[in-house]
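>>> Here you go, sequence then predicted model.
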Amino acid sequence: MKFFIINSGSSSIKYQVIEMADESVLATGLVERIGEDRGRLRNTAFPGTGHEQEAVIEQPIPDHRSGMLLAIATLTDRDKGVIRQASEIDAIGHRVVHGGEDFRGSMRITAAVIEVLRHNIPLAPLHNPANLDGIRVAREIFPEVPQVAVFDTAFHQTMPPRAYLYAIPYALYQTDRVRRYGFHGTSHRFVAGECARLLDRPLSACNLITIHLGNGCSITAIENGHSVDTSLGMTPLEGLVMGTRSGDVDPALHLFLKQNKGMGLEAIDDLLNKESGLKGLCGMNDMRDIHRAAGAGDVRARLAVEVQTYRIRKYIGAYMAVLGRVDAIVFTAGIGENDPIVRAESLKGMEPFGVRLDPERNRLRDRDARRISAPDSAIQVWVIPTNEELAIAREMARVLRD
Ligand code: ADP
């Protein structure tokens with residue numbers, strides 16, 4: 001079985017083709033600058049095997065349909081392709097950002113599902129229309145192929161009302177579904193499953209704190225395998241300090257900026273989403289640049305790391321209180337997997353809570369999952385690489401089997 005996994009954004013399509021027999025990646029690619037003058041496709045066949053083949057095509061890509069057709073032409077190219085013809089694709093999986101309260105799990109895509117996704121556009125006005133575009137085009141091109149939607153929010157639908165409600169007039173929840181939803185669910189669920197396997201226990205017997213630190217950052221409290229709280233909210237702005245997003249701020253900041261800076265609501269939203277976080281604090285949002293600058297004496301770069309890791313520590317403490325018993329803390333995604341400094345600082349001073357890092361193991365560079373806590377640490381600490389595409393593929397297999 002070959003699965004085609006699509007992550008359709010407003011001006012880009014990320015994709016992978018996975019051979020499910022051995023879960024190997026046949027190809028990975030990115031179509032970008034859709035709708036701009038200079039579109040681009042980059043496709044890597046057989047990544048990570050030592051037999052990689054790169055293809056780069058630069059040409060105008062007016063819309064998602066032509067982007068998807070270009071990707072398929074590349075995948076079936078006689079020299080650099082990984083499949084002979086498009087009909088070898090057995091199923092298509094779509095990453096969908098916001099499933100609202102309607103989806104507690106992945107769904108086979110039908111006209112009814114598409115209708116519900118449309119209905120959820122107000123909750124994710126930037127992301128859901130782009131996801132829907134990808135679904136529409138894929139259904140046009142592959143009318144016979146089963147398609148599955150996997151939602152970023154679904155894993156967190158087990159949160160209890162005490163965790164997902166904002167303390168604002170309840171009518172806003174009833175009429176407009178204003179509440180916390182959480183995101184990165186596919187990643188949190190994937191690393192939680194891997195962690196349970198490594199602890200040699202069923203996931204349903206595991207209490208975990210999973211920390212996804214990439215450009216976007218979030219932390220999840222998992223009780224007996226279910227998400228019971230997570231730091232991202234109604235939109236992916238709440239919680240931890242991220243690359244360019246502020247995370248938690250006083251909501252009265254909006255009024256202050258309006259009254260004192262003459263800013264409109266859209267400008268404030270832009271400020272909090274695109275000009276804040278690590279970038280807002282020190283002008284950089286790639287953690288590698290920030291460490292380099294901090295090492296060279298840049299005080300604000302150092303401060304940015306401190307603010308981010310302090311916020312992570314606060315949330316870990318909060319989720320320990322939520323869970324009572326914690327079996328393991330898991331770090332994942334770009335920063336979580338690669339950054340020993342951020343991991344160590346996030347756990348600094350937590351020995352009285354039963355968290356003891358092994359500094360040597362923490363510094364070790366490895367692509368595989370690894371335990372980085374000391375043998376006598378009551379709570380284990382793990383680094384587990386996330387793999388959202390594989391997680392989506394496994395979900396697809398499950399949905400199509402059921
Ligand atoms: P996304 O959220 O876009 O999927 P990733 O999970 O790929 O992002 O994480 C991207 C971020 O990971 C980069 O912005 C960078 O800050 C960080 N990162 C990647 N490699 C390293 C590294 N070796 N050390 C520290 N940070 C890293």
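Cool, got the structure. Numbers count the residues shown, from 1 in each chain.
>>> what comes up buried for stretch 358-366?
Residues Asp358, Arg361, Asn362 are the ones in stretch 358-366 that count as buried (16 or more other CB atoms under 10 Å). Just so you know, the C-beta spots here come from the backbone N, C-alpha and C atoms, and that holds for glycine as well.
>>> Give me the pLDDT for the first one.
At Asp358, the model reports a pLDDT of 97.
>>> for it, phi and psi?
The phi and psi values for Asp358, taken as degrees, to the nearest 10, are phi -100, psi 110.
>>> gap between the residue nearest to it when sequence neighbours are not counted and Glu360?
The shortest distance from Asp358 to any non-neighbouring residue, by CB to CB, 6 or more residues apart in numbering, is to Ala374 (4.4 Å). Here the criterion is CB to CB, to the nearest Å. By it, Ala374 lies 10 Å from Glu360.
>>> Identify the residues contacting the residue nearest to Asp358.
Shown in contact with Ala374 (CB atoms under 8 Å, 6 or more residues apart in numbering): Arg356, Leu357, Asp358.
>>> Test for you: state the pLDDT assigned to it.
97.
>>> before we move on, what about Ala86?
pLDDT at Ala86 comes out at 88.
>>> Name the helix or strand for the residue lying closest to it once chain neighbours are set aside, please.
Excluding its sequence neighbours, the residue lying closest to Ala86 (CB to CB, 6+ apart) is Ile72, at 5.3 Å. Following DSSP states H and E, one finds Ile72 within helix 64-75.
>>> Next one: whatever residue of the stretch 251-400 of the chain ends up closest to the ligand from Ala294, what distance?
Residue nearest to the ligand within the stretch 251-400 of the chain: Gly334 (2.0 Å; CB to the nearest ligand atom). Using CB to CB, one gets 17 Å for the distance from Gly334 to Ala294.
>>> do the same with Ile135
For Ile135 relative to Ala294 (CB to CB), the value is 43 Å.
>>> Ala378 now?
Relative to Ala294, Ala378 is positioned 31 Å away (CB to CB).
>>> and those two? which has more neighbours close in?
Ala294 (20 against 13; other CB atoms under 10 Å).
>>> Do I have it right that the more buried one meets Ala301?
Yes - counting by CB atoms under 8 Å, Ala294 touches Ala301, with 4.1 Å between them.
>>> tell me, what's touching those two both at once?
With CB under 8 Å, 6+ apart, Ala294 and Ala301 have no common neighbours.
>>> Neighbours of Gln308, how many?
The local packing of Gln308 (other CB under 10 Å) involves 26 other residues.
>>> Could you tell me what pLDDT the model assigned to Glu36?
89.
>>> And Arg365, by the same measure?
Residue-level confidence at Arg365 comes out at 88, pLDDT.
>>> Ramachandran angles for it?
Residue torsions, per degrees, to the nearest 10, at Arg365 are phi -100, psi 130.
>>> and if you look at the one 3 residues further on?
Backbone torsions for Asp368, taken as degrees, to the nearest 10, come to phi -90, psi 170.
>>> Determine the number of other residues adjacent to it.
Residues near Asp368, counting by other CB under 10 Å, number 7.
>>> In contact with it, which residues?
With CB under 8 Å, 6+ apart, Asp368 has these contacts: Pro385.
>>> Then Leu303?
Leu281, Cys282.
>>> Mind listing what's buried along the helix or strand hosting Leu271?
Assigned by DSSP H and E, Leu271 belongs to helix 265-274. Within helix 265-274, the residues that qualify as buried by neighbour count (16+ other CB under 10 Å) are Ile268, Leu271, Leu272, Asn273.
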